[in-house]
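**Q** Here's my sequence, what's the structure:
(2 chains)
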Amino acid sequence: MTLIREALRDALQDALDRGLEAGELTAAGGAPLPPVSIERPTRVEHGDYASNLAMRLAPVMRRAPMQIAEALRRNLVPPPAVSGVTVAAPGFVNLRLDDAWVAEQIGPILAAGERYGRGSDLDGHHVNVEFVSANPTGPLTLGNARGAFAGDLLSRVLEGAGAAVTREYYFNDQGPQVRNLGRSVLAIVAGEPVPDDGYHGAYVADLAADLPEEVLQASRADDADPAWAVGVWASERIRAAIEGSLARLRVRFDAWTTEGSLHRDGWVSGALERLREAGHLYQAEGATWFRSTAFGDDKDRVVIRSNGQPTYFAADIGYLAHKFNRGFTELIYLWGADHHGTVARNRAAAEALGHEPASIHWLLIAWVRFVRDGREISMSKRSGEFVTLDELLSEIGPDAARWFFGSRATSTGIDFDIELAKRQSSENPVYYVQYAHARCASILRNAGTVRPDARQAGELLRQPAEQALARELLRLPEVVSDSAQRRETHDIPRYGLEVSALFSQFYRDCRVLTDDAPLTAARLALVDATRLVLANALGLLGITAPSSM
RNA sequence: GCGCCGGUAGCUCAGUGGAUAGAGCGUCGGCCUCCGGAGCCGAAGGUCGCAGGUUCGAAUCCUGUCCGGCGCGCCA
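**A** Residues are numbered from 1 along each chain as shown, chains lettered A, B, ... in the order given. Alright, predicted model coming up:
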């Protein structure tokens, strides 16, 4: 199924071309023409789609928008799906879909099945989406929740638009954090207090209790670095626990990459060598610097410290090379908003390495302020006061949590009151959508041997509620396409609510199971298509679509 | 000081230069003899932080300003 919206756009473009060719429309001085845009009117009486093309053309053509709109309408050859083309002040061209055509789309929707809503905008794209990437020095906290959901939802939507997606988790296994973790565990083993700058959560004591004797021995045998072996063991244990927590969120990763591997496998040194050969590195004050200011950064950045050790940023550069070498056509990073200051240097490095800037996106996930009873909760792992993701899930469940985070744009800071979320979890709008799905399933069950049949839908489904619902079902592919393009997924919950509301109205106004066999079969087809659209929309959010609840 | 992100209904948030700015939750008032009442119908509720500007048209773009968050390391 091609998107009707695109067909209408093409038809309007043709109308414009035809008007120009006939001399009915002329651009003053050959000025460039604006692109044809199609939008959805806010009011139903304005039709199903509208274009502001005439108003955009008015300054270029130096004519009244209404005259241009009339000329467009005269030259428009509307597709069969369109039943009405009207012009409205101050110059809109409004398009109305044909009722029979709308209802006739139920058949193709059902035929597409699980594929309905999926698009081809990103066919052939291989996207790497890196998210969470929390260091394994403690359990995932509420602070990690938003990024985890946002990355997974974005991945699902990109896949819905045709892309192949690799979900990637990057973590640091090199730095002092691992050693610090080891020291904290060792302190508890020795019955001593954990150092002030160590890790204080209850999980550290659990690790100490589980520490195998051989790890402890190996650690004691290493006089130079006694905390290292314990730290490595502990961080691996935590990493496995993180994977388990993510699985409970229904977030799975395809690749886990460590900073250490980037160094060991030569990606960091190789990328730096490429920058050096291209003349982007220089020595100063004993260190090696990358001239990132040549690519728009505020200041140049050190890549090799004066002590010979590469910086964290150097690993970022190696990682860029590593990812592109793996054949990805696009990289997406989901970073906490507190990392926005590092975007410019990474973009500079990508450009210096010769990569197309448009092939990389950094999405900054805005802060979540977690509140309990009006008091903000600290999310610092070292304080030990944080709430873990597992605790959140045990209170409100993955469906409600996914809905909450999936309903908000990633750039918007949000307040999350845990007590409020628990109280509201039973009234979470996600259940409204799931309920509508379950009701559809129930009706289909009650139909017994009567099967959905969309073949006469065009003639039989002409009630306002039937038409409104069927029209909304047609929008799913547009919602998926727009979400993928914007790299924001919060339109999907909104769409799910709208479909559910229209279904409830249909359910109120139109009895499905009646003695009228053809009408029953046609309405069952509409119910089945609604169930399918809700299931597919919920699937894009990673939320279950129950047949009963 | 400079930079980034926010400020829209009581609360939490949508709103891609277009037509009378929306949703969920909350509040108030109605609706259960019928396919699932986790529902339906209605109502109240807005100086879109503020001030200028661009535009036929601004919540949206530009400038300034106020408030909140974050960032400005040879840390990660």
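
**Q** now the strands for chain A?
**A** Listed in chain order, the strands of chain A (DSSP state E) span A:49-51, A:82-88, A:92-97, A:126-130, A:164-171, A:255-258, A:281-284, A:287-290, A:301-304, A:330-336, A:360-365, A:368-372, A:375-376, A:414-417.

**Q** Of these, which shows the lowest average pLDDT?
**A** Ranked by mean pLDDT, the strands of chain A end with strand A:375-376 at the bottom, a mean of 69.

**Q** quick revisit: with mean neighbour count and distance to RNA strand B as new columns, can the strands of chain A be given to me in JSON lines?
**A** The way it works is simple: take the backbone N, C-alpha and C, and place the C-beta from them, glycine included. Converted to JSON lines, those look like this (neighbours: other Cβ atoms under 10 Å; distance: least, Cβ to the nearest atom of the strand, whole Å):
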{"stretch": "strand A:49-51", "mean neighbour count": "21", "distance to RNA strand B": "3"}
{"stretch": "strand A:82-88", "mean neighbour count": "17", "distance to RNA strand B": "4"}
{"stretch": "strand A:92-97", "mean neighbour count": "23", "distance to RNA strand B": "4"}
{"stretch": "strand A:126-130", "mean neighbour count": "21", "distance to RNA strand B": "14"}
{"stretch": "strand A:164-171", "mean neighbour count": "21", "distance to RNA strand B": "9"}
{"stretch": "strand A:255-258", "mean neighbour count": "16", "distance to RNA strand B": "11"}
{"stretch": "strand A:281-284", "mean neighbour count": "13", "distance to RNA strand B": "7"}
{"stretch": "strand A:287-290", "mean neighbour count": "20", "distance to RNA strand B": "4"}
{"stretch": "strand A:301-304", "mean neighbour count": "22", "distance to RNA strand B": "3"}
{"stretch": "strand A:330-336", "mean neighbour count": "21", "distance to RNA strand B": "8"}
{"stretch": "strand A:360-365", "mean neighbour count": "19", "distance to RNA strand B": "6"}
{"stretch": "strand A:368-372", "mean neighbour count": "17", "distance to RNA strand B": "7"}
{"stretch": "strand A:375-376", "mean neighbour count": "9", "distance to RNA strand B": "10"}
{"stretch": "strand A:414-417", "mean neighbour count": "16", "distance to RNA strand B": "3"}
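
**Q** how about those strands in TSV, adding distance to residue A:75?
**A** Converted to TSV, these look like this (distance: least, Cβ to Cβ, whole Å):
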stretch	distance to residue A:75
strand A:49-51	13
strand A:82-88	11
strand A:92-97	11
strand A:126-130	40
strand A:164-171	41
strand A:255-258	53
strand A:281-284	59
strand A:287-290	56
strand A:301-304	56
strand A:330-336	39
strand A:360-365	39
strand A:368-372	52
strand A:375-376	61
strand A:414-417	48
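
**Q** most centrally placed residue in chain A?
**A** Taking Cα atoms, centre = their mean, the centroid of chain A lies closest to residue A:154, which sits 2.0 Å from it.

**Q** In terms of pLDDT, where does that one sit?
**A** Residue A:154 is assigned a predicted lDDT (pLDDT) of 97.
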